[in-house]
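Visitor: next comes the sequence, and after it the predicted model I'd like to discuss.
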Amino acid sequence: MSNRNSQANKSAARERLRAERERQAKKDKTRRQILVGVSIVGVLAIAGAVGWGVMQMNKPSQWEAAKDAKNVTAPRNTSGKDGTTVVIGKPTAKKTLELYEDSRCPICGTFEQAIGETVHKDVDAGKYKIKYIGATFIDDMSNGEGSKNALSALGAALNVSPEAFLDYKYALYSTKYHPEETDDKFKDDAYLIKIADSVDSLKGNKAFQKDVEDGTYDSWAMKMSAAFEKSGVRGTPTLKMDGKALTDGKSENAPMTVDDFTTAIDAALKG
């Protein structure tokens, strides 16, 4: 091979090697740009996710929003500011029994199961009216929703009629449907509707069911709960007439038998 050809071959080889290095350098540069771009997108995505998460944490819950609502939809058969005055009974009845209850309260369940029917008969007979004040403090203690959701559903029943309200309240506290205090079953709309199907005026009632599922009376329930908090009452069930608590005669507790209740209510009616 001539010296000239040898030099030419070496030059060609060097040129190919240089071209190959340039191509590889371009590939490496492109890869680095892609990696940097992906990293930036990833950081932005993480930042966006964190921002969205913070926004969601700061977003008021359904019940917080209901509590702060300016426009309150109150059920029919109510009166007063935001419809939080619920009085049921014959206009001719001279006195009113104030009844403070939390739907999840187990002692309220005991009271309703033992005395609820007597209260209904007395109201129907015009012996007295009842003023209902609903509470939700058990939810506050357990971070639950059932007290609030049941109170909203009671508003939906009250919108149907006072009788539907009383019958539905009685069903909520029944041995068949009332859950343990630690079981937040009333938070489920489907369960509240199932209970309502045991009440003639609410069974298959599409308007009632829609109000429960839509939370039509959520804001009303929160205003009612606020009224309970302002009342000064600290436990449920609490019964009052003429501003005085009705007790079992042996303690400061509400009466838990028909005899004790009848004795207390008759004395209050005469007072």
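Guide: Cool, the structure landed.
Visitor: apart from its chain neighbours, what residue comes closest to residue 163?
Guide: Once flanking residues are discounted, residue 163 sits nearest to residue 201: 6.7 Å by Cβ to Cβ, 6 or more residues apart in numbering. In short, each C-beta sits where N, CA and C put it, glycine included.
Visitor: what about that neighbour, distance to residue 167?
Guide: Going from residue 201 to residue 167 by Cβ to Cβ, to the nearest Å gives 7 Å.
Visitor: and those two? which has more neighbours close in?
Guide: Ranked by neighbour count (other Cβ atoms under 10 Å), residue 201 and residue 167 place residue 167 first, with 21 against 15.
Visitor: any regions of the stretch 51-200 of the chain where pLDDT drops low?
Guide: Residue ranges of the stretch 51-200 of the chain with pLDDT under 70: 51-60.
Visitor: helices of that one, start to end?
Guide: Remark: helices assigned in the stretch 51-200 of the chain by DSSP state H, counting those that start in this stretch are 62-68, 106-124, 137-142, 146-160, 162-172, 189-196.
Visitor: which of the ones you listed is buried the deepest?
Guide: Across the helices of the stretch 51-200 of the chain, averaging neighbours per residue (mean count of other Cβ atoms under 10 Å) puts helix 146-160 on top, at a mean of 27.
Visitor: wait, doesn't residue 252 sit right on residue 245?
Guide: Yes. Between residue 252 and residue 245 there is a contact under Cβ atoms under 8 Å: 7.0 Å.
Visitor: more neighbours, the two?
Guide: Neighbour tally, residue 252 and residue 245, criterion other Cβ under 10 Å: the higher count belongs to residue 245, 15 against 9.
Visitor: now for that one: which residues touch it?
Guide: When contacts are counted by Cβ atoms under 8 Å, 6 or more residues apart in numbering, residue 245 touches 238-239, 252, 254.
Visitor: give me the residue at the spatial middle of this protein.
Guide: In the chain, the centroid-proximal residue (Cα atoms, centre = their mean) is residue 145; its distance is 3.7 Å.
Visitor: got the contact list for that residue?
Guide: 63, 139, 184, 186-187.
Visitor: looking at the residues you listed, which is nearest residue 234?
Guide: The closest of the contacts of residue 145 to residue 234 turns out to be residue 139 (Cβ to Cβ; 15.9 Å).
Visitor: surely that closest one and residue 147 touch.
Guide: Yes. Taking contacts as Cβ under 8 Å, residue 139 lies within contact range of residue 147: 4.3 Å.
Visitor: what touches both of these two?
Guide: Shared contacts of residue 139 and residue 147, defined by Cβ under 8 Å, 6+ apart, are found at residue 104.
Visitor: please enumerate the strands of the chain.
Guide: Per DSSP state E, the chain carries strands over the ranges 86-88, 96-102, 129-135, 238-241, 244-245.
Visitor: distance to residue 224 added to those, as CSV?
Guide: Listed next are the strands of the chain as CSV, based on distance: least, Cβ to Cβ, whole Å:
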stretch, distance to residue 224
strand 86-88, 8
strand 96-102, 11
strand 129-135, 5
strand 238-241, 15
strand 244-245, 20
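Visitor: how about those, which one is nearest residue 225?
Guide: Closest to residue 225 of these, according to Cβ to Cβ: strand 129-135, at 6.2 Å.
Visitor: what's the closest one in contact with?
Guide: Strand 129-135 has contacts (Cβ under 8 Å, 6+ apart) with 85-90, 93, 95-103, 105, 119, 123, 147, 151, 154, 165, 169, 221, 224-225, 227-229, 231, 233, 236.
Visitor: angle of that strand against helix 162-172?
Guide: Strand 129-135 runs at 50 degrees relative to helix 162-172, counting by axes from the mean of the first three to the mean of the last three Cα atoms, to 10 degrees.
Visitor: can you list the strands that strand 129-135 pairs with?
Guide: In the sheet, strand 129-135 lines up against strand 86-88 (antiparallel), strand 96-102 (parallel) (DSSP bridges).
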